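> From the sequence below, what's the structure:
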Amino acid sequence: MVSPAAKGIQTESSLFLCRLKALLDRSLLLRIINLQNNTFTGPIPQGMGRLRRLEAIVFNNNSLGGGIPTNLSQCINLNNLNLIDNELTGSIVPEIASLLNLQFLGLSDNMLAGTIPPFLGNLTYLLQLSLRNCSLQGEIPESLAQLRRLRLLNVNENDLIGSIPLVLFNLSSVEIFRFGFNKLHGNIPADVGSTLPKLRHLDLAINHFTGVLPAFLSNSSLIENLYISSNNFRGTMIDLTKLSYLQMLLVANNRLNGDIGSILSSLTNCTNLEVLSLGDNPFTGSLPDSMGNLSNHVWFLRINQNQLSGSIPSSIENLVGLTTLYATINNLKGPIPSSIGKLHNLQRISLSKNRLNEMPFSLGNLTLLNNLYLRLNNLSVSIPQNLGNCTNLLVLDLSENNLSRSMHPEIIKLSSISIGLDQSDNVLTGLISPEY
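Next up, the predicted model:
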């Protein structure tokens, strides 16, 4: 005969088991698991494959390790698999090819190995494929051209070789193409402006691409970001007049040519422009007054190592958002315009290796200035004493000029100068102040 106490224990145990079973049954109905932005470690549980109704697994920004679970192939309703920014290892498992409903596959910023598998081309519902910084090698498979709905393809920062399959440039739905920081080569197709009508972001930077920039690229009127720096593109810079949505233009370190005045004037319609990097190209001509008509959102301007002549126009005062100005190694001459003192956001000025002959008193207005490089110019007379107002200055390089007289005590007292102070190869006179 069972005692009442024992019956109570059995009842509680049965109730617990019923609740546990109900909990497990309910878990099998899960549609979304979102654990993003935590510090979870260890492998992804193999039991995830039991949750066959799952539509989204969002585990990005954790520290999960191990491989991609193979039994995720049982989650046939999955449309979002986001494992970005973890510590996953191994290859991209073939079982992923079973997830035919996937629309977003994010594996970026992991420690994967191997190649981009051709079977990813079977995921024909994919809208976004993100494989940035995964240590992937080999070539980009042509099978990705089967992804007719694709809007984003990001394979930046891998070790990919070969060329971009030309058929990928026929994916008319693509808005974002990112191939930067690899070892890819080849040309941009001549008709790219018409085959990619929705293109907003093209990143080919730091590769081995060659050839000319196709004129059709000028018709990519929706483009916001064009990154082609550090390649071997040659020929004339394309007309930028129609690219009114442009925000970032990075073409530095190529062999492009053309008149800098025409290029800058063609950008005055780009009212959202923020970053303009034209350095390390054989651009010629002088800086036009229309430079001041560039967007006041421009905060980064790089025109160094070209073949520019003439003076810096006073209209530069209109670029009120500018924080960084690089124009080293050109043939700019005349005074630095006093209007530069109106650019109160300037933090870095690099005008070394030109023929500039005068520093304006207004430099002292730039109280946020960190770095001022004016080496190897024709600067003469004295150093403006109100540079002492630049209390955030870390580097001051005035070497190899014709500066005379001693440095004003207010400048010497700048305790912020902690990285470099170079006045060598001038004709400065007087005693070395104890303030040094």
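
> which residues of the stretch 101-250 of the chain fall in strands?
For the stretch 101-250 of the chain, the strands defined by DSSP state E, counting those that start in this stretch occupy 104-106, 111-112, 128-130, 137-138, 152-154, 159-160, 176-178, 185-186, 201-203, 208-212, 225-227, 232-236, 248-250.

> Please state the offset of the third one from the chain centre?
Pointing back at strand 128-130 there. In terms of C-alpha atoms, centre = their mean, to the nearest Å, the gap separating the centre of strand 128-130 from the centre of its chain is 17 Å.

> Report all helices and strands that that strand contacts.
Applying 3 or more C-beta pairs under 8 Å, 6 or more residues apart in numbering; DSSP states H and E, one finds that strand 128-130 makes contact with strand 104-106, strand 152-154. The C-beta positions use only the backbone N, C-alpha and C, and glycine is treated the same way.

> List the pairing partners of that strand within its sheet, with orientation.
Paired neighbours of strand 128-130 in the sheet (DSSP bridges): strand 104-106 (parallel), strand 152-154 (parallel).

> Quick one: closest of the ones you listed to residue 264.
Ranking the strands paired with strand 128-130 by distance to residue 264, with C-beta to C-beta as the measure, places strand 152-154 first at 30.7 Å.

> Going along the chain, name the helices of the stretch 1-150 of the chain.
Secondary structure of the stretch 1-150 of the chain (DSSP state H, counting those that start in this stretch): helices located at 4-27.

> sorry, back to before: including mean neighbour count, could the helices and strands packed on strand 128-130 go into TSV?
Supplementary listing: the helices and strands packed on strand 128-130 in TSV, determined by neighbours: other C-beta atoms under 10 Å:
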stretch	mean neighbour count
strand 104-106	21
strand 152-154	21
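
> Give me the three-state assignment for residue 386.
Classification of residue 386 by DSSP: H, G, I helix; E, B strand; the rest coil places it in helix.

> okay, now the nearest residue to it once chain neighbours are set aside: neighbour count?
Taking C-beta to C-beta, 6 or more residues apart in numbering, and ignoring the residues beside it in sequence, residue 386 has residue 364 as its nearest neighbour in space, at 3.0 Å. Here the number of neighbours of residue 364 (other C-beta atoms under 10 Å) works out to 18.

> re the thing from before, can you check which of the strands paired with strand 128-130 gets nearest to residue 190?
Between residue 190 and the strands paired with strand 128-130, the shortest gap by C-beta to C-beta is with strand 152-154, which sits at 20.8 Å.

> Mind listing residues that contact that closest one?
For strand 152-154, contacts defined as C-beta atoms under 8 Å, 6 or more residues apart in numbering pick out 108, 127-132, 144, 147, 168, 174-178.

> out of those, which is most surrounded?
For the contacts of strand 152-154, the largest number of neighbours (other C-beta under 10 Å) sits with residue 131, at 26 neighbours.

> Nearest spatial neighbour of that residue, chain-adjacent residues omitted?
What sits nearest to residue 131 in space, not counting adjacent residues and going by C-beta to C-beta, 6+ apart, is residue 155, at 5.0 Å.

> Could you pull up the residues touching the one you found?
Contact partners of residue 155, counting by C-beta under 8 Å, 6+ apart, are 116, 131, 132, 136, 140, 178, 179, 182.

> change it to 10 Å
108, 116, 129-134, 136, 140, 144, 164, 177-182, 184, 203 (C-beta atoms under 10 Å, 6 or more residues apart in numbering).

> just residue 335 next, same as before
With contact set as C-beta under 10 Å, 6+ apart, residue 335 has these partners: 311, 312, 314, 356, 357, 358, 359, 360, 379.

> residues contacting the second one?
When the contact criterion is C-beta under 10 Å, 6+ apart, the partners of residue 312 are 286-287, 291, 325, 327, 332-337, 339-340, 351, 354, 356.

> Hmm, residue 308 and residue 263 touching each other?
No - taking C-beta atoms under 10 Å as the contact criterion, residue 263 and residue 308 are not neighbours in contact, 11.0 Å apart.

> mind listing what residue 184 touches?
Shown in contact with residue 184 (C-beta under 10 Å, 6+ apart): 139-140, 155, 158, 160-164, 204, 206-209, 231.

> Which of those residues are buried, as a ChimeraX select command?
Selection of the buried residues among the contacts of residue 184 in ChimeraX, burial being defined by 16 or more other C-beta atoms under 10 Å:
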select :140,155,158,160,164,204,206,207,209,231
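
> Now flag whichever of the contacts of residue 184 is closest to residue 242.
Where the contacts of residue 184 are concerned, and distances follow C-beta to C-beta, residue 242 has its nearest neighbour in residue 204, at 20.0 Å.

> Next one: residue 337 from residue 305, what distance?
To residue 305, residue 337 is 22 Å away according to C-beta to C-beta, to the nearest Å.

> hmm, I was thinking of residue 212
Counting by C-beta to C-beta, the gap from residue 212 to residue 305 is 21 Å.

> Tell me which of these two has more neighbours.
Under the neighbour definition other C-beta under 10 Å, residue 212 and residue 305 were set side by side, and residue 305 has more, 20 against 16.

> quick one on the thing from earlier: any residues in contact with both of residue 263 and residue 308?
Contacts common to residue 263 and residue 308, judged by C-beta under 10 Å, 6+ apart, are 278, 283, 285.

> Could you identify which of the residues you listed has the most neighbours?
Each of the shared contacts of residue 263 and residue 308 was scored for neighbours by other C-beta under 10 Å, and residue 278 scores highest at 27 neighbours.

> tally of neighbours for the closest residue to that residue other than its chain neighbours?
Spatial nearest neighbour of residue 278, excluding adjacent residues (C-beta to C-beta, 6+ apart): residue 303 at 5.2 Å. One way to gauge burial is a neighbour count; for residue 303, by other C-beta under 10 Å, it gives 25.

> Could I get the contacting residues of residue 303?
252, 260, 263-264, 276-281, 283, 287, 291, 325-328, 330, 332.

> again, only using 7 Å
Remark: with contacts taken as C-beta atoms under 7 Å, 6 or more residues apart in numbering, residue 303 is in contact with 260, 278, 279, 326, 327.

> And it, what's its pLDDT?
For residue 303, the model assigns a pLDDT of 97.

> again, but for residue 58
pLDDT recorded at residue 58 is 96.

> how far away is it from residue 51?
Relative to residue 51, residue 58 is positioned 14 Å away (C-beta to C-beta).

> and if you look at residue 402?
Counting by C-beta to C-beta, the gap from residue 402 to residue 51 is 75 Å.
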